[in-house]
Every structure is written in structure tokens, then in C-alpha cells.
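Peer 1: Sequence plus the predicted model coming up.
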Amino acid sequence: MIIDLFRYRFNHFLQGCVIFFGVIWFVGSACVKTPPTPLETLLVGVVSLDIKEAPASKMSQLTHNGLLRLNDQLSIDLDLAESFEFKPPLTYRFHLKKGVRFHNGQELTAEDVKQTLSSHPLSEKIEAVTVVEPLIVEMRLKAADASFLSELTSVKIIPAGGDVTIGTGPFIVESLKSNEQVVFKRNENYFATPAKLARLIFRVIPDDHLRGMELKRGKLDLLLDPGPPSLTKSLRNDSQISFVSGGGMPTTSLMMNMTQGPLSHLEVRQAILYALDLATLVEYRMAGMAHPMTGLLPTFHWAYEPNVTKYPYDPVKARAMLTHAGYPDPDEGGPRARFQLSFQTLNDRDGSGLAYLIARYLKEVGIDLKILPMDKDSFLSHINTGHFELSSFVSGARPEMESLPQGLRGVYQNSVLDQLMDGARKEMDRPKRKEIYSLVQKTLAEDLPMIPLWSEDHVVFFSHRVKGVKSTPDASLGWMVEVYKE
């Protein structure tokens, strides 16, 4: 098997890690008996409190609410809005829930919504916000925009006056130590069912292995940053730890420059996909915590189209297609390659590791891959200007398909697809929009400007004492109101 050598070396490395960390664990356990964490408090391990990174970027969901929120299919659910309706051609009317109060005791009104939107980037898409009644607000858009409601879910309502720390959410920030921890206390006056726990403590532990060890030792109740796949697999196999997992938003794909060389031939692009054993790649590279993709969207997405052209692992077929495309085997199974492609990647462990695995699969069908690791700025410059042949990229699944990945814009031209995407952006009727997205996915599966590899699972590890934990595609934290400990 192609990755046997990788697996052999990795296993020996892992055995050494197990021995090393096992010694530390034994010594620590022998010296200290960790008392159980308080019953009314949840201790959560995170890699940082940087709001530009998950899960810190999701913490506002604990303290604030929006008019709407995303559900597990990335569809729209009500939050502070009791209901809403669309008034063609460009106006949304929202009816607010009655009796909702901010943490400072002030009652939520339409004026709060209006002032919140006035200072939010989404206001660039809005022509006017009108307070119709104290609990009714209207938004008139500048142009038809199918993604507007999805984007509105990111707007967290604050009281008129602009105090961004005050929300309507189920928790209130009690204390904050920068780069150390943040403590949330339960909002006893929450408009919905109050949280079951009195406190949440998010503790910063940057080291992946140390976070895992603290969970095993009982010093943490839950991990929102499980770390790399190797550590995830170790935690998953530990009988003392529970976990939940489900489809997540990060997706990994390969981009192909269709404008020149071998990749300008459809059969070559098809052969590359036939040459990749995605199931084995997912199991080895992602420790099984991901799902192979068949198109641009993961299977849990509301607009996912299952009936697209598929390319199951078949290296024999890949070789035949390469020959038919005009690239015969030059030495009948010998070491010479049919042709060479360059593969731009980030010069980190994740990017380079994936590139070398892809290279081994492609070598089996006669394609030589020249791997070009580079720093982030150089990498993005090459991708965004189309100066690449083959490259991997990670992106997040979105509620709407507003556009194709940035790197494809200069290397893939399809006027029919452009018209479909433009139509979807303007189509306000969701069932009709789903039909358009279906055609987009089928077109991409036929043209193959990119190869979807997998969508990562969202995994949460926790102590057996913790109940009510949930995995969500967008790694949201709203489920924490239901968590309790035994």
C-alpha cells in the first residue's frame, strides 16, 4: 500500500510519544490525586482567547443573541425574532420577541436592532432600517441578496448606546484574564430556558498534548480544541474520555490550473481523482475524523447535491485515461514519469504532509509531483494570481454559495456557471436557489477545476461526568446551555 511506509514510521514515532507521555502521566498521577471539578462549573480547555480563531470567535454566542441563528444544516432558525417575512422586492420585516432583556435590565426594542446594524459591516448592503413599532423593524436592501439572512445571523444585538459587552445571552462575562482564562456566569434572567450550569471557565492551554493530558487527569471537563489528528485519535481511543462528532465546516480540496499543460485536459484531471484513495487518505491523514466529499458542499449542507459524477479509486482506469489523453507510460511501468506537475503548498506540517501523500498516489499512475513549500504570503500570492499548477486549500462550508474559491477565478472559465452563480445570488426564493446550486455542483463535478477531498468532523471531547454535549457543523456553542455534570 502506498502509505505503508508512512504508517510504519509514524507508528514507531507514536510509540516513542506514548512511552514519553506515559512516564509523565504515571509520575504526575502518582504524586497528585486530582479532585473532581466543581459540579456547577464547567472547565473548558482552549488553545487561545483570540477572537479571530475558533472557538474564541464563537464565545459571543454565550453572551449575545442575533435576530436569527444557523441550525445544523446551516439553515435559518429564529432567535430574538419571533417571526419575519419578506416583502418583495427588497424588504424584510422582523417581529421581535416580547420581554427580552439585556444583561443591564434594559428591554430589547427595534431601536436596539437599528443602532446595532448602523455600525455593522452588513449595513453596506442595507438601504434603510426602519422602526415600525417598538417590536417591529424593517430592513430594505440595496439589491437582491440571497445571502443576506445567513449573514444576518452573525450580527449580535447590543443595546442602543453601543456597549458591546452587554447582550441578551444565557451567560454574562464575570471575569477575564487576557491570554489566561475567561469566566462566564449564568444569566438568571435569560428570556429562554436558563443554562443548567452556574459557570463556564475557558482556560487557555496552548500546547495540544498538555490540553489532552489535563482532560485525562480530570483538571478539565471538556476540550473544544482537540488538536491534530494524531492526538484526536489518542483521545478517541481512551476509555476514560467521551466524545461526540459530526460533520464540520472546514473542507480540504485540490485546485487545478486548467489553463495550460496536462491539466488543461479533462481526462488528466479525471485520472488524478481516480488515482486518489480518498477513504484511506481520510483514515490515515485525519484519523478517521473526516468524511470524503463528492462535491463543493459537505453532505450535511441544506443544498448538498448527491447525484453528481463520482470518481471512485481506480488506479488502473487512471493509467488508461492518461494514456488516452496523450500521455503514455514512457517505459512500461519503469521509473520514468509520464509528466511532471508542480504542487504549491504551505511550508508547514499539514500542507507538506498532504502534498507528499498525494505525490505517492500520483507516482503510482506515472505522474511526478514537484512539491514547492512556501510561506503563507507567497503561497496566497501564487494562488490568487493563478501562478500554480496544483495546490491544496482549506476553506469553510458556507450557508450560501456566494462565489467559488478565490484561487479558481483566474484558472477556470465557464460562462454558464457564471450565469448560474449570478442567478443564485439574486434568487430570494430558497427552493429555487437550491435548484440552481444543484446545477452548480453537477457542473463542477463534470469540469473538475478542483478535487474535493474531505470535510473535517467537528469533535468535542469531555469527561464522563459531563452530559448534554453536542457537535455542530459551525462549531457553535449554543448547546452549552443544556450541559450539566453528574
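Peer 2: All right, it came through fine.
Peer 1: domains in the protein, as residue ranges please.
Peer 2: Under the assignment automatic domain parsing, the domains of the chain span 34-56+170-240+464-475, 65-152, 248-457.
Peer 1: Return the distance of the last one from the chain's centre.
Peer 2: Which is domain 248-457. Put simply, domain 248-457 sits 18 Å off its chain's centre (C-alpha atoms, centre = their mean, to the nearest Å).
Peer 1: what about it, how long is it end to end?
Peer 2: End-to-end distance for domain 248-457: 5 Å, by C-alpha to C-alpha, to the nearest Å.
Peer 1: To residue 159, which of the domains of the chain lies closest?
Peer 2: Distance to residue 159, taken as C-beta to C-beta, is lowest for domain 65-152 among the domains of the chain, at 4.9 Å. Bear in mind the C-beta positions are built from the backbone N, C-alpha and C, glycine included.
Peer 1: All the helices of the stretch 201-350 of the chain, in order from the start?
Peer 2: Per DSSP state H, counting those that start in this stretch, the stretch 201-350 of the chain carries helices over the ranges 208-217, 229-236, 266-274, 278-285, 315-324, 349-363.
Peer 1: Can you give me the neighbour number for residue 171?
Peer 2: Counted by other C-beta atoms under 10 Å, the residues lying close to residue 171 total 27.
Peer 1: on contacts alone, who are the packing partners of the longest strand along the chain?
Peer 2: Longest strand in the chain by number of residues (criterion: DSSP state E): strand 241-256. If contacts are counted by 3 or more C-beta pairs under 8 Å, 6 or more residues apart in numbering; DSSP states H and E, strand 241-256 sits against helix 229-236, helix 266-274, strand 390-396, strand 450-463.
Peer 1: swap the cut-off to 6 Å and go again
Peer 2: With contacts defined as 3 or more C-beta pairs under 6 Å, 6 or more residues apart in numbering; DSSP states H and E, strand 241-256 has these neighbours: strand 390-396, strand 450-463.
Peer 1: Minimum distance to residue 123: which of the ones you listed has it?
Peer 2: For the helices and strands packed on strand 241-256, proximity to residue 123 was assessed by C-beta to C-beta; strand 390-396 is nearest, at 23.3 Å.
Peer 1: Can you get me a residue count around the residue nearest to residue 222 when sequence neighbours are not counted?
Peer 2: Excluding the flanking residues, the one nearest residue 222 by C-beta to C-beta, 6 or more residues apart in numbering is residue 462, at 4.2 Å. Neighbour count of residue 462, defined by other C-beta under 10 Å: 23.
Peer 1: Nearest approach to residue 164 belongs to which of the domains of the chain?
Peer 2: Set against residue 164 and scored by C-beta to C-beta, the domains of the chain come closest in domain 65-152, at 9.3 Å.
Peer 1: same for the helix or strand encompassing residue 62, what does it pack against?
Peer 2: Assigned by DSSP states H and E, residue 62 falls within helix 60-63. When contacts are defined as 3+ C-beta pairs under 6 Å, 6+ apart, helix 60-63 packs onto no helix or strand at all.
Peer 1: and the host helix or strand of residue 172, average pLDDT?
Peer 2: Element membership for residue 172 (DSSP H and E) is strand 171-177. Taken as a whole, strand 171-177 carries a mean pLDDT of 95.
Peer 1: the inter-axis angle of the helix or strand that comes right after it versus strand 171-177?
Peer 2: Downstream of strand 171-177, the first helix or strand assigned by DSSP H and E is strand 181-186. Orientation check (axes from the mean of the first three to the mean of the last three C-alpha atoms, to 10 degrees): strand 181-186 against strand 171-177 gives 160 degrees.
Peer 1: hey, which helix or strand in the protein has the poorest pLDDT?
Peer 2: Here the helix or strand of the chain ranked lowest by mean pLDDT, DSSP states H and E is helix 4-31, holding a mean of 39.
Peer 1: Mean pLDDT and mean neighbour count added to the helices of the stretch 201-350 of the chain, as TSV?
Peer 2: Converted to TSV, the helices of the stretch 201-350 of the chain look like this (pLDDT from 0 to 100; neighbours: other C-beta atoms under 10 Å):
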stretch	mean pLDDT	mean neighbour count
helix 208-217	93	20
helix 229-236	84	19
helix 266-274	98	22
helix 278-285	90	19
helix 315-324	98	18
helix 349-363	89	18
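Peer 1: could I get those as TSV with distance to residue 292?
Peer 2: Below are these laid out as TSV (distance: least, C-beta to C-beta, whole Å):
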stretch	distance to residue 292
helix 208-217	25
helix 229-236	15
helix 266-274	11
helix 278-285	4
helix 315-324	17
helix 349-363	14
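Peer 1: These: which one's closest to residue 181?
Peer 2: Proximity to residue 181, assessed across the helices of the stretch 201-350 of the chain by C-beta to C-beta, is greatest for helix 208-217 (12.8 Å).
Peer 1: So which elements touch the closest one?
Peer 2: Identification of packing neighbours for helix 208-217 by 3+ C-beta pairs under 6 Å, 6+ apart yields helix 229-236.
Peer 1: got the contact list for the helix it packs on?
Peer 2: Here helix 229-236 makes contact (C-beta atoms under 6 Å, 6 or more residues apart in numbering) with 208, 212, 226, 241, 243, 286-287, 289, 461.
Peer 1: Would you reformat the domains of the chain as JSON lines and include distance to residue 481?
Peer 2: JSON lines is the format used below for the domains of the chain (distance: least, C-beta to C-beta, whole Å):
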{"stretch": "domain 34-56+170-240+464-475", "distance to residue 481": "4"}
{"stretch": "domain 65-152", "distance to residue 481": "12"}
{"stretch": "domain 248-457", "distance to residue 481": "21"}
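Peer 1: Compute the inter-axis angle for the host helix or strand of residue 434 and strand 450-463.
Peer 2: Using DSSP H and E, residue 434 maps to helix 430-447. Relative orientation of helix 430-447 versus strand 450-463 (the same axes, to 10 degrees): 120 degrees.
Peer 1: Give me the distance between residue 423 and residue 148.
Peer 2: Look at residue 423 and residue 148: by C-beta to C-beta, to the nearest Å, they are 16 Å apart.
Peer 1: who has more neighbours, the two?
Peer 2: Neighbour tally, residue 423 and residue 148, criterion other C-beta under 10 Å: the higher count belongs to residue 148, 19 against 15.
Peer 1: picking up where we left off before, let me know the angle separating the helix holding residue 434 from helix 266-274.
Peer 2: Relative orientation of helix 430-447 versus helix 266-274 (the same axes, to 10 degrees): 100 degrees.
Peer 1: Identify the residues contacting stretch 76-88?
Peer 2: Residues contacting stretch 76-88 (C-beta under 6 Å, 6+ apart): 65-69, 71, 92-95, 97, 149.
Peer 1: What is the nearest of these to residue 319?
Peer 2: Nearest to residue 319 among the contacts of stretch 76-88, with distances taken as C-beta to C-beta, is residue 71, at 44.9 Å.
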